[in-house]
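Visitor: coordinates for the following, if possible.
(one chain, ligands or ions: 1)
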Amino acid sequence: MAGATPGAQSAGRSPGPPEPPNERPPFLLDFFPLEDATQTRLSRFFDELRLGRLMTTRCPKDQSLSWPPRVVCPSCHSEEMEWVELPKGGSVYAFSAVLAGAPLGMESEVPFVVGLVDLDGVPLRLFGRIVGKSWEACRLGMSVAAEPFELPDGRVFYRFRTEP
Ligand SMILES: [Zn+2]
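Guide: So this is what the prediction gives:
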């Protein structure tokens, strides 16, 4: 190694070629949560969603239903939460069309609709994307159903689809 610059081989990473572009948006701009058990104690929500079940947690002590699912009851602070399946059907309480200024990675989907949905039979109002109808055709009170969809990186999330 005569002539080598001292430390040149041990200085850690060499600059090398640039890394390939990441398919995921930067962490702080990523709208979808990290889902596996190493990242969240709520990973069961995503496992069940992948199987078509919309779940949340309920506190067995005071019966309070949480949305989003929680690991601790916000009322009595119990950590013994139980999982319950939610109805998928609901009606649109409010909606808005995104016509410009879409979040990073969603520019190609403009225009799209987001809204608040009152689930049937439970006192929960969920925010989410609404698909199936153009924004001009959406109406307050219209029926929708929650469905899972897969993100390009393999994660899963829910959205609402309008009834035909
Ligand atoms: Zn509780």
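Visitor: and residue 45, that one's in a helix?
Guide: Yes: counting by DSSP: H, G, I helix; E, B strand; the rest coil, residue 45 falls inside a helix.
Visitor: just checking, it touches residue 56?
Guide: Yes: taking contacts as Cβ atoms under 8 Å, residue 45 lies within contact range of residue 56: 7.5 Å. All C-beta spots, glycine's among them, are computed from the backbone N, C-alpha and C.
Visitor: quick one: the residue nearest to residue 124 when sequence neighbours are not counted from residue 83, how far?
Guide: Computed as Cβ to Cβ, 6 or more residues apart in numbering, the closest residue to residue 124 that is not its neighbour in sequence is residue 67, at 4.6 Å. Residue 67 sits 13 Å away from residue 83 when distances are taken as Cβ to Cβ, to the nearest Å.
Visitor: ranges for the strands of the protein?
Guide: For the chain, strands defined by DSSP state E occupy the ranges 55-58, 82-85, 89-98, 112-119, 125-131, 143-150, 156-162.
Visitor: TSV for those, including distance to the ion?
Guide: Formatted as TSV, the strands of the chain follow (distance: least, Cβ to the ion, whole Å):
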stretch	distance to the ion
strand 55-58	9
strand 82-85	11
strand 89-98	24
strand 112-119	20
strand 125-131	20
strand 143-150	25
strand 156-162	24
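Visitor: now tabulate these in TSV and tack on mean neighbour count and mean pLDDT.
Guide: Output for the strands of the chain, formatted as TSV (neighbours: other Cβ atoms under 10 Å; pLDDT from 0 to 100):
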stretch	mean neighbour count	mean pLDDT
strand 55-58	20	98
strand 82-85	11	98
strand 89-98	16	98
strand 112-119	19	97
strand 125-131	17	97
strand 143-150	17	96
strand 156-162	19	97
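Visitor: format those as TSV; extra columns: distance to residue 104.
Guide: Formatted as TSV, the strands of the chain follow (distance: least, Cβ to Cβ, whole Å):
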stretch	distance to residue 104
strand 55-58	28
strand 82-85	32
strand 89-98	13
strand 112-119	14
strand 125-131	15
strand 143-150	18
strand 156-162	16
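Visitor: which of those sits closest to residue 75?
Guide: strand 55-58 (11.1 Å; Cβ to Cβ).
Visitor: overlap in contacts, residue 45 and residue 56.
Guide: 68-69 (Cβ atoms under 8 Å, 6 or more residues apart in numbering).
Visitor: find the centremost residue of the chain, please.
Guide: The centroid of the chain falls nearest to residue 32 when counting by Cα atoms, centre = their mean (4.1 Å).
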